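K.L.:
need a 3D model of the following:
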Amino acid sequence: MDLALLLSDLTVQLPAGMRLQRLAAAVRADFQCDAVVILALEPGEAPCLRPVVAVGLTRDAMGRRFLLSEQPRLAAIVASREVVAFEADSRLPDPYDGLVEGHPGQPLPVHDCMGMRLLQEGRTWGVLTLDGLRPGRFSPTDRERLNRLLPLVETAVRVSRLERENQDLRQARAWAARAREDEPALAGTGGDDLEIVAHSEVMHRLLEETQVVARSELPVLLLGETGVGKELFARRLHRLSARSDQPLVLVNCAALPETLAESELFGHVKGAFSGATSDRPGRVEAAQGGTLFLDEVGELPLVLQAKLLRTLQNGEIQRLGSDRPRKVDVRFIAATNRDLRAAVRDGRFRADLYHRLSVYPLPIPPLRERRDDILPLAGRFLEINRARLGLRGLRLDPPAEQALLAYDWPGNVRELEHVIGRAALRAGVQAQDRDRIASVGAALLGIEAPAAAGTAGLPAATPSEGLPVDPA
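P.N.:
Below you'll find the predicted structure:
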């Protein structure tokens, strides 16, 4: 291994993810193995490991999350202070079954595997794993060599983290400066994370922007087609805000019963209408101190739009049947798949409310405009369905990958989730043995790709040398 080259990488600024990608590729070449993966630990009630860089795995592997409770090999590596090596004939399931490049759909019952835990500031940050498909690939000497590489790998992770933090700080300053420049215009118009998979450049930029906007108190209007994940972004904005320890209340404006919509939003007092046997707070009050997410806000009746405007302007509500206003402290996030400007022109949406809600508009691109996210998203949904169906492995065959990349996804991420769910169920039914790798073919997807001319410029389904995503 060219240690001098790797050490020099630590002293220069590289594009996002490239440092760890080059490190993983160098480890793979030096140990002459088939796959090297760096995974980051995501703690919580159900801790899991997510691939940060994968060299030698299929592209959809980048979107998967490996639960430690389901992956004893990874759990053993996380729990050990030393390099962990597994016997070639180990019966423990392997997280990369069916995902190794060049061996699609094939289980890995006999192979060499070893890995080591990575620490940052004395805590477990993640793991590095090496897989060799030929038994005897790794010797005791290789384990010692890998152990000696530990400081270099942890340093590379640390440098990458610091670079990302500095980049976020610079981006935050840029967004803050832009917000200051926009303040006069905003005043003139009356203005004041299932986790997001993002491997495309446009989504990386959007995540950086939301990280900055979340810290403000500005109302945010999420714009995008049905199924792009507007609710996930609303949850992210709340989670990253200073209100994260307060309630996040979700309201589907399109599902509010017309006769009870005012009561649902603003509450009512006893006797306000037939059946109102006691005072009841509404959704706005339930979000006190936190965030109110108004999904499909374009569906609100005009009479409720006027009442909502008052809340945005004065921070007050008035329960149905009451003469006494109540003060509320709520941050508003709204979402719509409609063209609200056209609705304003047509008189179906109040112009003053539109300007209040759209102080900071955030357009979310459709899936067809971020095709680099398709296979990682498919991998995420495949892993969820693999666990749900109790399969050893579940993967896409190459024609299925091409079909996913060629399709235009009018229903966006939600449609992709449903397509993968149905295909996984069909593959599970066809699988005669639950201990084998179930493969999803193009026919099981049930989608029709456009004409060949429409696929020009699409990324190839063949895995690349490395698929990096900088650690968070």
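K.L.:
quick one: low-confidence parts of the stretch 301-450 of the chain?
P.N.:
In the predicted model, the stretch 301-450 of the chain carries pLDDT under 70 at residues 432-435, 449-450.
K.L.:
now with 50, please.
P.N.:
Counting by pLDDT under 50, the stretch 301-450 of the chain has no low-confidence residues at all.
K.L.:
same thing with the stretch 101-250 of the chain?
P.N.:
175-194.
K.L.:
could you pull out the strands in it for me?
P.N.:
If you assign secondary structure with DSSP state E, counting those that start in this stretch, the strands in the stretch 101-250 of the chain sit at 112-120, 123-132, 220-223, 248-252.
K.L.:
ditto for the stretch 251-400 of the chain
P.N.:
With DSSP E, counting those that start in this stretch as the criterion, the stretch 251-400 of the chain has strands spanning 291-295, 316-317, 326-327, 331-336, 360-363, 393-396.
K.L.:
tell me the domain ranges of this structure?
P.N.:
3-165, 201-365, 368-444 (the TED database).
K.L.:
got the end-to-end distance for the longest one?
P.N.:
What that stands for is domain 201-365. 11 Å (C-alpha to C-alpha, to the nearest Å).
K.L.:
and that domain, how far out from the chain middle?
P.N.:
23 Å (C-alpha atoms, centre = their mean, to the nearest Å).
K.L.:
shift numbering so it begins at 726
P.N.:
Sure thing, new numbering starts at 726, so read that last one as domain 926-1090.
K.L.:
just checking, Leu875 touches Val852?
P.N.:
No - at 11.2 Å, Leu875 and Val852 do not qualify as touching, with contact defined as C-beta atoms under 8 Å. Any C-beta I mention is one placed from the backbone N, CA and C, and that applies to glycine too.
K.L.:
ok, these two, which is more surrounded?
P.N.:
Neighbour count, other C-beta atoms under 10 Å: between Leu875 and Val852, Val852 has more, with 23 against 16.
K.L.:
any figure for the gap between that one and Arg798?
P.N.:
Distance, Val852 to Arg798, using C-beta to C-beta, to the nearest Å: 10 Å.
K.L.:
what does Leu946 give?
P.N.:
Counting by C-beta to C-beta, the gap from Leu946 to Arg798 is 45 Å.
K.L.:
returning to what we had before: Leu774 is nearest to which of the strands of the stretch 826-975 of the chain?
P.N.:
When those are ranked by proximity to Leu774, the top entry is strand 848-857, at 6.4 Å, counting by C-beta to C-beta.
K.L.:
next, the residue lying farthest from the centre of the chain: phi, psi?
P.N.:
Residue farthest from the centre of the chain, counting by C-alpha atoms, centre = their mean, is Gly996 at 45.9 Å. Phi and psi for Gly996, reported as degrees, to the nearest 10, are phi 80, psi 0.
K.L.:
quick check: neighbours shared by Leu875 and Val852?
P.N.:
Met841, Leu843 (C-beta atoms under 8 Å, 6 or more residues apart in numbering).
K.L.:
tell me the contacts of Ala1031?
P.N.:
With the criterion set at C-beta under 8 Å, 6+ apart, Ala1031 makes contact with Arg1075, Leu1078.
K.L.:
how about the nearest residue to the most centrally placed residue in the chain, chain neighbours excluded?
P.N.:
Nearest residue to the geometric centre of the chain (C-alpha atoms, centre = their mean): Ile921, 1.5 Å. By the measure of C-beta to C-beta, 6 or more residues apart in numbering, the closest residue to Ile921 outside its immediate chain neighbours is Leu957, 5.3 Å from it.
K.L.:
ok, the one you found to Arg1105 distance?
P.N.:
Looking at Leu957 against Arg1105, where the rule is C-beta to C-beta, the gap reads 12 Å.
K.L.:
who has more neighbours out of the two?
P.N.:
In this comparison of Leu957 against Arg1105, neighbours counted by other C-beta under 10 Å, the higher total goes to Arg1105 at 23 against 17.
K.L.:
which residues touch the nearest residue to that one once chain neighbours are set aside?
P.N.:
In space, not counting the residues next to it along the chain, Arg1105 is nearest to Gly788; the distance is 4.0 Å by C-beta to C-beta, 6+ apart. When the contact criterion is C-beta under 8 Å, 6+ apart, the partners of Gly788 are Val922, His924, Leu1100, Pro1101, Leu1102, Ala1103, Gly1104, Arg1105, Glu1108.
K.L.:
can you count the residues close to the residue lying closest to Ala1001 once chain neighbours are set aside?
P.N.:
With sequence-adjacent residues excluded and distances taken as C-beta to C-beta, 6+ apart, Ala1001 is closest to His993, at 5.2 Å. Counted with other C-beta under 10 Å, the neighbours of His993 add up to 22.
K.L.:
tell me the contacts of His993?
P.N.:
With contact taken as C-beta under 8 Å, 6+ apart, His993 is in contact with Glu987, Ala1001, Asp1004, Arg1005, Gly1007, Arg1044, Leu1045, Gly1046, Ser1047.
K.L.:
can you give me the neighbour number for the second one?
P.N.:
By the other C-beta under 10 Å criterion, the neighbourhood of Ala1001 contains 15 residues.
K.L.:
so it makes contact with Gly1046?
P.N.:
Yes - using C-beta under 8 Å, Ala1001 makes contact with Gly1046 at a distance of 7.1 Å.
K.L.:
who touches both of the two?
P.N.:
With C-beta under 8 Å, 6+ apart applied, the overlap between the contact sets of Ala1001 and Gly1046 consists of His993, Val994, Lys995.
K.L.:
redo those residues as a markdown table? Include distance to Asp837.
P.N.:
Supplementary listing: the shared contacts of Ala1001 and Gly1046 in a markdown table, determined by distance: C-beta to C-beta, whole Å:
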| residue | distance to Asp837 |
| --- | --- |
| His993 | 68 |
| Val994 | 71 |
| Lys995 | 72 |
